[in-house]
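S.K.: show me how the following folds:
(chains A, B and C)
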Amino acid sequence: MTYLTKLIDEYSQLPLIIQLAWAISALLIVAIIFLIIALQILRKSLRIRHKEKVTYKKRYEGKLINYLYGGGVSSLLTAEQQRCIEEFKNVVHLKHRRKIIVSILFNLMNQITGEMTEAIKTFYFKTGLIDSAIDRLHSKKWHVVAKSISELSRFNVCEAKDEVAKFIHHPRPEVRTETQLYFVTLFKFDGLHFLDEYQEPLSEWVQIQLLEILNQFDDQQICDITPWLQSTNDSVVRFALKLAQIYNQFEVKDTLMELLTHPTKDIRLKSIQVLTSLYGIEAKEVLKANFESLSIEEQISFFKLLEKLVMPDDEPFVEKHLFHKNFEVQLLAVKILKSLNKDKFMGLSTEVYEDSNPKILEFVKSI
Amino acid sequence: MDTSSLNIILKILHYIFFGYAVMAILSYVVLSFISAKETLLYMKKRSFVNYKHILSSTMAPPITIIAPAYNESLNIVENVRSLLSNHYANYTVIIVNDGSSDDSLEKLIAAYDLEKVNFIINEKIKTQPIRAGVFKSKNPAFEKLMVVDKENGGKADALNMGLNISKSKYVACIDVDCLLLQDALQKLIKPFLQNASSKTIAAGGVIRIANSCTIRDGELIDIKLPKSFLVRSQILEYLRAFLLGRMAWSRLNGLLVISGAFGILDKDIAIEVGGYDTNTVGEDMEIIVRMRRHMEEKNEKYRVSYIPDPLCWTEAPDSYKVFISQRNRWTRGTIETLKKHRKIGFNRNYGFFGLLSYPYWLIFERLAPIIETVGIIYFTILVILREVRWEYVLAFITLSYLFSMLFSILAILSEELTFNQYKKKGTGFKLILLSALEPIILHPFVLYAAIKGNYDYYFNKKKKWGTMIRKGLATS
Amino acid sequence: MQKKKIVVAEDNSTLSMLLKFRLEKEGHELFIAPDGKQALEFIQEHEPNMIITDIMMPFVNGLEVISHVRFKLNKDTPIIVFSAAGQEEMVLKAFNLGANDFMSKPFSPNELMIRVNKLLD
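M.R.: Take a look at the predicted model:
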């Protein structure tokens, strides 16, 4: 006791700054001890949860497969399947187990189609998993909402359409994304109509996912994409250009020609590429006329277009740009000339031009 | 008179040391808060992202992995195989054999049925010439692979060769001896695709330490905490640097470095700025600073991103000698980069980058070891002169020690809350013990290496060149 | 029908469990490999009557499994590959290497059974 009072006495006589230092140190010690305890508890609970996850995953996987193959000839559930659903119903309100079950189902839905997905969907409805997902749409936390939308689209829950539609202009891009994916997953090309008046940027990440989802449908009947190509939202135009290329939209060629003078460079560039894949020979004369005013990337893309769609009457133009200062244009020009007029090409190799890259001639000769 | 002016000088010196320490600690506190916030947000986003569509999509942007190899014969075949099994539909792998004197090339040719192909290189960046040629596989199963054999020119030169050859929009520059997890590319490409408002020019991932982990067939089977104290301490160091430091800087868009072990760059911009600098030992940091500078000068909005997922695992040095030479090199790399781009520092034209990122690196990374050493020397003089006021010393050493321990524990906690890689029972206690010991045991070595790096940079030019030419890969 | 040995290389545990259940019900003997390497070991050891493999797999991918079976082991065991949508190129390569049939994921398990039986006959 005297020791402690002595200590306090000594402390009070120290300069203020040292007092402060010790006070903070004491606080830090408390904080560290607290954190260490928190860390150990956390580690322990994570370990237990992980173990649980492994066991439950195994158990539920087995049960689920029994359920899926326990069906009779008719679409009605057998008694065994009914029993299985009851069993699951009792555990889906437990958050962690529900997550495990959903992840198993989710995984399986990604791998299989056909009659079995119907069985999975029935399971999803009857066990009450769907109610829980719809409840979570009302959550205040945006990531919970996003996750629940992604779950609803994976299990093809069309019934939640009106509820989900509310989120199409949600301030968080992640929620918007999931909503868009939901509509396209369930309503295919019809689901794309949110683009008509979409003002927010549509990231490449979302575009790729949308295209990939569309790509998985057997029915590839696409709607008219002209309005999107003419959108004032550049990202929507980029997306429409991709659609034009993938779905060979020959009918939008005229709109594509207009895009060659779009104010945004990468859209002009992409338009050339799309026209290349759509055999847009109409673009040739326009681009030839403006060639000098094009950016170098556009010039390269144009020569790539020529490489594919070249005609004998392009020869003078190609010849004019044989020794273009850009390596790639030069390489393409020489290649194209070789395909057009072999004699002239062979003649080239011996002459020496100022800007010519001897390696290019040599290389094109050897291929 | 004399004593009083000396006293004033001493006082000023005290204030400088004190102010520096307070600023350093405050900056860590602020960074920790930002990082905590950013980590939470990242984990929320991560909870529902589905990578399935990206990994199989042929519409996903093409990526070229560039892996320079210098005398890696021992593991090259296995390492390449693991690079070829990444889960991404649209990527190619270029192995640049940088003038190896061993049988790396022969081994690759035999293992992957390679044949020499006719190839023309657009030398947008000047590099050492091709030696044996460009090779591709006859077996369609290895169609992604290309091997380029060139004259030796160092890692930066080899990467530049890869930049010249690549036809993709993005390049992933990696160390060939790193273990990349299979979802590495799809995860790291996301920042480039997801941001519609500003252009992402580079993204890097976390580097984790693979010593003592069981790796079978290019796959991480079991993650263990290594026995060696040196390696263990580096794990803690990396956790702190990546989970606290980089996460916060990424949030602030102030990252100056993307680890050379695994990062993706926008190829066009990397080429526009002239590729990797072959005259520095810190080419990975230098190119990022140069790319940022370029974007600032063009006045375009851009980002350098970072994702905390443990995607790249590498072997850390397990001997003090190698460790010191690695840190020595890092120090020189930092000095070279900061010096080369000193124009940026405290320059309003470079915005946040010039006013905060650069000065922070200069003051708290570059100068920290020097200030610390001056402090130690000063302290020693005081001890000799018997001028030390021990009550101050004791209070402040305790305080700074506790702070350092606190930050380590926060880093561990953040790791547990996010990726929880060290699951084994008992590891938690070991990590805590480590955070108590690391400042006393490892830190002196780190300091020594940094001082040696400074010394070598200013006074030992021969050493500088020597390492540059011999510079092979990463750590060993 | 006679009991046949089938090696399935698939890294999705639920799916491989499902296939095992289904194919065993048909009376076949199943070897489930979570990756290509393990699959090659099973193939070497058990000389199966059929191989079902995913294209994208850890370490040794499906294409390598096919090329190993066809060119290293010189066997004409029927091979069915699974591919994800958008991997048409990979599927072409798989056929060039000698795959017999392919199914694009997501696929219908019943249809798989039909194709398996057809190839086993």
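S.K.: what's the weakest-modelled helix or strand in chain A?
M.R.: Ranked by mean pLDDT, DSSP states H and E, the weakest helix or strand in chain A is helix A:342-350, scoring a mean of 73.
S.K.: the residue in the stretch 1-150 of chain A positioned nearest to chain C: what's it in contact with?
M.R.: As assessed by Cβ to the nearest Cβ, chain C sits closest to residue A:114 within the stretch 1-150 of chain A, at 2.9 Å. Every C-beta, even on glycine, is put in place using the N, C-alpha and C of the backbone. Residue A:114 sits next to C:107-111 when contact means Cβ atoms under 8 Å, 6 or more residues apart in numbering or on different chains.
S.K.: show the pLDDT at it.
M.R.: You'll see residue A:114 listed with a pLDDT of 78.
S.K.: torsion angles phi and psi at it?
M.R.: Phi and psi for residue A:114, reported as degrees, to the nearest 10, are phi 80, psi -160.
S.K.: sorry, back to before: so which elements touch the least confident helix or strand of chain A?
M.R.: For helix A:342-350, the packing partners by 3 or more Cβ pairs under 8 Å, 6 or more residues apart in numbering or on different chains; DSSP states H and E come out as helix A:327-340, helix A:358-366.
S.K.: who touches the longest one?
M.R.: So the one you mean is helix A:327-340. A:296, A:299-300, A:303-304, A:306-307, A:310, A:312, A:314-315, A:318-319, A:321-324, A:344-345, A:348, A:355-357, A:360-361, A:363-364, B:120, B:122, B:124.
S.K.: any low-confidence regions in the stretch 201-350 of chain A?
M.R.: A:349-350 (pLDDT under 70).
S.K.: tell me which parts of it are close to chain C?
M.R.: A:212, A:215-216 (Cβ under 8 Å from any Cβ of the partner chain).
S.K.: circling back to that earlier point, dump the helices and strands packed on helix A:342-350 to CSV, plus mean neighbour count.
M.R.: CSV is the format used below for the helices and strands packed on helix A:342-350 (neighbours: other Cβ atoms under 10 Å in any protein chain shown):
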stretch, mean neighbour count
helix A:327-340, 20
helix A:358-366, 15
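S.K.: leaving out the residues flanking it, which one is nearest to residue 199?
M.R.: Since no chain was named, I'll use chain A. Nearest residue to residue A:199, sequence neighbours excluded (Cβ to Cβ, 6 or more residues apart in numbering or on different chains): residue A:233, at 6.1 Å.
S.K.: nope, chain B please
M.R.: Using Cβ to Cβ, 6+ apart, the closest residue to residue B:199 is residue B:302 (5.0 Å).
S.K.: quick one, phi/psi of the one you found?
M.R.: Torsion angles, degrees, to the nearest 10, at residue B:302: phi -150, psi 170.
S.K.: could you check whether stretch B:56-64 is close to chain A?
M.R.: Yes. Part of stretch B:56-64 sits near chain A under the criterion Cβ under 8 Å from any Cβ, namely B:56-57, B:59-61.
S.K.: report the entries of these that also contact chain C.
M.R.: Applying Cβ under 8 Å from any Cβ to those, those adjacent to chain C are B:56-57, B:59.
S.K.: among the residues you listed, which one has the most neighbours?
M.R.: The most crowded member of those, judged by other Cβ atoms under 10 Å in any protein chain shown, is residue B:56 (25 neighbours).
S.K.: and it, how far from residue C:90?
M.R.: Applying Cβ to Cβ, to the nearest Å, the value for residue B:56 to residue C:90 is 10 Å.
S.K.: count of neighbours near whichever residue of the stretch 151-300 of chain A sits closest to chain C?
M.R.: Taking Cβ to the nearest Cβ, chain C has its nearest neighbour within the stretch 151-300 of chain A at residue A:216, 4.7 Å off. The number of residues packed near residue A:216 is 17, by other Cβ under 10 Å.
S.K.: any idea how far residue C:106 is from it?
M.R.: On the measure of Cβ to Cβ, residue A:216 and residue C:106 end up 8 Å apart.
S.K.: what does residue B:72 give?
M.R.: From residue B:72 to residue C:106 the distance is 40 Å (Cβ to Cβ).
S.K.: neighbour count winner among those two?
M.R.: Neighbour totals were compared for residue B:72 and residue C:106, and residue B:72 leads with 26 against 19 (other Cβ under 10 Å).
S.K.: assign a three-state SS to that one, would you?
M.R.: coil (DSSP: H, G, I helix; E, B strand; the rest coil).
S.K.: go ahead and confirm it touches residue B:79.
M.R.: Yes. Using Cβ atoms under 8 Å, residue B:72 is in contact with residue B:79, at 7.1 Å.
S.K.: what sits in contact with each of those two?
M.R.: Shared contacts of residue B:72 and residue B:79 (Cβ under 8 Å, 6+ apart): B:176-177.
S.K.: state which helix of chain A is the longest.
M.R.: With DSSP state H setting the assignment, residue counts place helix A:16-69 as the longest helix in chain A.
S.K.: give me the average confidence score over that helix.
M.R.: Mean pLDDT, helix A:16-69: 91.
S.K.: which residues touch the very next helix or strand once past it?
M.R.: Using DSSP states H and E, the helix or strand that follows helix A:16-69 towards the C-terminus is helix A:79-89. Residues outside helix A:79-89 that contact it (Cβ under 8 Å, 6+ apart): A:60, A:63, A:66-67, A:70-71, A:77, A:101, A:123, A:126-128.
S.K.: how about 6 Å then?
M.R.: For helix A:79-89, the external contacting residues (Cβ atoms under 6 Å, 6 or more residues apart in numbering or on different chains) are A:67, A:70, A:126-128.
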